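1. what's the 3D shape of this:
(4 chains)
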There are 2 protein chains.
Amino acid sequence: MASNEVASSAKAKYLQIADDLAAQIKSGALAPGSAVPSEAELMQRYAVASGTVRKAIAELRTSQLIETHHGRGSFVRSRPPVQRKSSDRFRRAHRKAGKAAYLAEAEVSGGTPSVTVLFVGPTEAPADIAERLSVPVGTQVLARKRRYFRDGVPTEEATSYLPWDVVKDIPEMFAENPGGGGIYARLEEHGQQLAEFTETVRARLATKPETAALALSPGSPVIHLVRDAITSEGRVVEVCDTVMAADQFVLDYRFPAKD
Amino acid sequence: MASNEVASSAKAKYLQIADDLAAQIKSGALAPGSAVPSEAELMQRYAVASGTVRKAIAELRTSQLIETHHGRGSFVRSRPPVQRKSSDRFRRAHRKAGKAAYLAEAEVSGGTPSVTVLFVGPTEAPADIAERLSVPVGTQVLARKRRYFRDGVPTEEATSYLPWDVVKDIPEMFAENPGGGGIYARLEEHGQQLAEFTETVRARLATKPETAALALSPGSPVIHLVRDAITSEGRVVEVCDTVMAADQFVLDYRFPAKD
DNA sequence: TAGTGGTCTAGACCACCTT
DNA sequence: AGGTGGTCTAGACCACTAG
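-> As a prediction, the model looks like this:
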């Protein structure tokens, strides 16, 4: 049949369908975790072709309202509460109490945190990292890459880079678990008095590998944070490169109104 | 015809096409600003149906590699340099020199900044803002909403909320242009000694209105920043709610390793 | 095996932009 | 007017997941 009464002045059909479903989700008629009606059913209900239903579904997916699984169906997303990353988290008091930064936070944000160490070992410093560490590009540094979870869901992946001469006499740095208080506590025990941190924050869409690593749907935003740990002598002794699922985090900063 | 030799074990055709075009863009064969071949031509070149080409194009669009304009075509995006928002930007020295924060920054980041005031006037405080200002929800406050541009391109939209009793005797607050040094300079002239700022940073996808306001393509990420300006008496005298195009900004923070 | 989403076709008509 | 992208149809076959 060729009865194509296509979108005219009104809104596109697929958007109307998406809006309708979105309203049902927001009203709770479609509860979090529940299945969205199948494409076949939606085709019948709205009397449209498959392509139109699929575009509506795609719309909801990029709005992060649903997630769809091949062969199973589409399901309403449940938005877990976000974690807060406060600049307070590096307080020396926390380190002395034996807490690593990520644990100092998890206490406040609820949920059960866990970490997996993905890699610990020597690496050639990438250009941007090398610049921050003030070493030549390609210099051997220690990399510590780990993935953080909350309630079993991956939320964050972080890689720390440390100059070799700083870590070579600190055996804990090469262990999966660097001990109470984390690597910052170890650095301070070995004469590296931490004075200051700088963080640069960007937001962008996740790359393919990041969507895989953090179990994100494509088109999800991430926060990319790079932190320099600076000693009282002004040396950068660690650069930490972190990618976070954007919907999982709120960053808090506090700074004085300087002169 | 029904010769559907559909995706088998290999990659989907539309992804192959997208990858091919992406490679051409990255290699420079398709230069920034230049037109991507039309759908009709791509259909011929790759010998596929229109829908397949459109999916490939959609892929590139959500990767932020191209932008498409109805009736004109698709064009390779040129990535403009990013602005840096340093926490240094609120230095009192800058205010005394007559510079508003956004100008203090633009100096460093290149490009010509401009501002449009969208609204200045009394508003009922939304719930989250009211909480930060420690006033009851719905209390009348002064709202100042403006849009920032760089080289004529919208990059940021910000709304400041100030308690009525703070601003009622500061006539400049109701003007489009609050005068040299911006509203923070006016506040300090009227006895509000600013001591501290707090910022909370989130990243998420742009809403429909935000894509319109900031001329973004749908699915683009934004940075949502909310700043409290706090006086030496501990009162929050301004809350600034800002939405930024994520690809335009890098946020810089610096903080001491506190005890 | 039945049901689900994923890919693809070969068209159609519409809306926008340029000439 | 002619080209461009935007929407839509009515099917087809494939791949994944469940019972």
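2. which residues of chain A score low on pLDDT?
-> Chain A contains residues with pLDDT under 70 at A:1-10, A:79-81, A:99, A:103-111, A:258-259.
3. in it, which spans are helices?
-> Remark: helices assigned in chain A by DSSP state H are A:13-27, A:39-46, A:50-62, A:92-96, A:101-109, A:127-133, A:164-167, A:182-189, A:208-213.
4. domains of chain A?
-> Taking automatic domain parsing as the criterion, chain A consists of the domains A:13-76, A:83-252.
5. right, so those domains: which one is the most enclosed?
-> Counting by mean count of other C-beta atoms under 10 Å in any protein chain shown, domain A:83-252 has the highest mean neighbour count of the domains of chain A, with a mean of 18. C-betas here are computed from N, CA, C, even on glycine.
6. separation between A:Leu205 and DNA strand C?
-> 18 Å (C-beta to the nearest atom of the strand, to the nearest Å).
7. okay but that residue is in contact with A:Gly219, surely?
-> Yes. The criterion here is C-beta atoms under 8 Å, and A:Leu205 meets it with A:Gly219 at 6.2 Å.
8. list residues touching both of the two?
-> B:Thr62, B:Gly219 (C-beta atoms under 8 Å, 6 or more residues apart in numbering or on different chains).
9. ok now do the closest residue to DNA strand D within the stretch 1-150 of chain A, which residues does it touch?
-> Closest residue of the stretch 1-150 of chain A to DNA strand D, C-beta to the nearest atom of the strand: A:Gly71 (2.4 Å). Shown here is A:Gly71, which makes no contacts under the criterion C-beta under 8 Å, 6+ apart.
10. So what does it look like in phi/psi?
-> Dihedral pair for A:Gly71: phi 80, psi -10, per degrees, to the nearest 10.
11. I'd like to know how far it sits from chain B.
-> 15 Å (C-beta to the nearest C-beta, to the nearest Å).
12. Quickly list what the residue nearest the centre of chain A is bridged to.
-> With distances taken as C-alpha atoms, centre = their mean, A:Met244 lies nearest the centre of chain A, 1.6 Å away. When bridges are called by DSSP bridges, A:Met244 pairs up with A:Glu156, A:Ile223.
13. tell me the contacts of it?
-> A:Thr155, A:Glu156, A:Val222, A:Ile223, A:His224, A:Leu225.
14. Which single residue in the stretch 51-200 of chain A comes nearest to chain B?
-> For the stretch 51-200 of chain A and chain B, the shortest gap (C-beta to the nearest C-beta) falls at A:Leu194, measuring 4.2 Å.
15. can you tell me which residues contact the closest residue to that residue other than its chain neighbours?
-> Nearest non-adjacent residue to A:Leu194, counting by C-beta to C-beta, 6 or more residues apart in numbering or on different chains: B:Ala257, 4.2 Å away. Neighbouring residues of B:Ala257 by C-beta under 8 Å, 6+ apart: A:Phe90, A:Arg92, A:Leu194, A:Ala195, A:Glu196, A:Phe197, A:Ala229.
16. wouldn't the last one be in contact with A:Ala195 here?
-> No. Under the criterion of C-beta under 8 Å, A:Ala229 lies out of contact with A:Ala195, with a separation of 9.1 Å.
17. and the residue in the stretch 101-250 of chain A that chain B sits nearest to, bridged to which residues?
-> Taking C-beta to the nearest C-beta, chain B has its nearest neighbour within the stretch 101-250 of chain A at A:Ala203, 3.5 Å off. On the basis of DSSP bridges, A:Ala203 is bridged to A:Ile223.
18. With A:Lys85 instead?
-> A:Lys85 has these beta-bridge partners by DSSP bridges: A:Leu251.
19. got the contact list for it?
-> Residues in contact with A:Lys85 (C-beta under 8 Å, 6+ apart) are A:Glu105, A:Phe249, A:Val250, A:Leu251, A:Asp252.
20. can you check A:Lys208 too?
-> By C-beta under 8 Å, 6+ apart, the contact set of A:Lys208 is A:Pro218.
21. try it again with 7 Å
-> Applying C-beta atoms under 7 Å, 6 or more residues apart in numbering or on different chains to A:Lys208 gives no contacts.
22. Please report how far it lies from B:Ala22.
-> A:Lys208 sits 11 Å away from B:Ala22, going by C-beta to C-beta, to the nearest Å.
23. Likewise for A:Val36?
-> With C-beta to C-beta as the criterion, A:Val36 and B:Ala22 are 31 Å apart.
24. swap in A:Leu21?
-> Here the criterion is C-beta to C-beta. By it, A:Leu21 lies 31 Å from B:Ala22.
25. same question, A:Thr231
-> 42 Å.
26. do the same with A:Gln83
-> A:Gln83 is 33 Å from B:Ala22, by C-beta to C-beta.
27. Quick check: residues of the stretch 51-200 of chain A near DNA strand D?
-> A:Gly51, A:Thr52, A:Lys55, A:His69, A:His70, A:Gly71, A:Arg72 (C-beta under 7 Å from any atom of the strand).
28. Pipe the residues you listed into CSV and attach distance to B:Tyr161 per row.
-> Below are those laid out as CSV (distance: C-beta to C-beta, whole Å):
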residue, distance to B:Tyr161
A:Gly51, 45
A:Thr52, 43
A:Lys55, 39
A:His69, 43
A:His70, 46
A:Gly71, 49
A:Arg72, 45
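29. Tell me which ones among those also neighbour DNA strand C, please.
-> Filtering these for neighbours of DNA strand C using C-beta under 7 Å from any atom of the strand leaves A:Gly51, A:His69, A:His70, A:Gly71, A:Arg72.
30. Skipping adjacent residues, who's closest to the second one in space?
-> So the one you mean is A:His69. Computed as C-beta to C-beta, 6+ apart, the closest residue to A:His69 that is not its neighbour in sequence is A:Phe75, at 7.3 Å.
31. Now do the contacts for that neighbour.
-> A:Gly33, A:Ser34, A:Ala35, A:Val36, A:Ile66, A:Glu67.
32. The second one and A:Val76 touch, don't they?
-> This means A:Ser34. Yes. Between A:Ser34 and A:Val76 there is a contact under C-beta atoms under 7 Å: 5.5 Å.
33. ok, the residue lying closest to A:Ala185 once chain neighbours are set aside - contacts?
-> Leaving aside its chain neighbours, A:Ala185 sits nearest to A:Arg95 (4.5 Å; criterion: C-beta to C-beta, 6+ apart). Contact analysis of A:Arg95 by C-beta under 7 Å, 6+ apart lists A:Gly181, A:Gly182, A:Tyr184, A:Ala185.
34. For those residues, which two are the farthest from each other?
-> Distance extremes for the contacts of A:Arg95: the farthest pair is A:Gly181 and A:Tyr184 at 6.7 Å, using C-beta to C-beta.
35. which bits of the stretch 101-250 of chain A sit near chain B?
-> A:194-205, A:219, A:221, A:223, A:246-247, A:250 (C-beta under 7 Å from any C-beta of the partner chain).
36. any idea how far the nearest residue to A:Ile230 once chain neighbours are set aside is from A:Ser232?
-> What sits nearest to A:Ile230 in space, not counting adjacent residues and going by C-beta to C-beta, 6+ apart, is A:Glu196, at 4.5 Å. Plainly put, A:Glu196 is 8 Å away from A:Ser232 if you go by C-beta to C-beta.
37. Same check on A:Asp252?
-> 25 Å.
38. ok, now A:Arg150?
-> 34 Å.
39. who's in contact with A:Val36?
-> Taking C-beta under 7 Å, 6+ apart, one finds A:Leu21, A:Leu30, A:Ile66, A:Gly73, A:Ser74, A:Phe75, A:Val76 in contact with A:Val36.
40. I misspoke; the intended subject was A:Gly180.
-> Contacts of A:Gly180 were listed using C-beta under 7 Å, 6+ apart, and they are A:Gly98.
41. For it, give me phi and psi.
-> phi -60, psi 140.
42. what about it, distance to B:Thr231?
-> Distance from A:Gly180 to B:Thr231, by C-beta to C-beta: 39 Å.
43. ok so, going back, quick check, nearest of the residues of the stretch 51-200 of chain A next to DNA strand D to A:Leu118?
-> Here the nearest of these to A:Leu118, counting by C-beta to C-beta, is A:His69; it sits at 25.8 Å.
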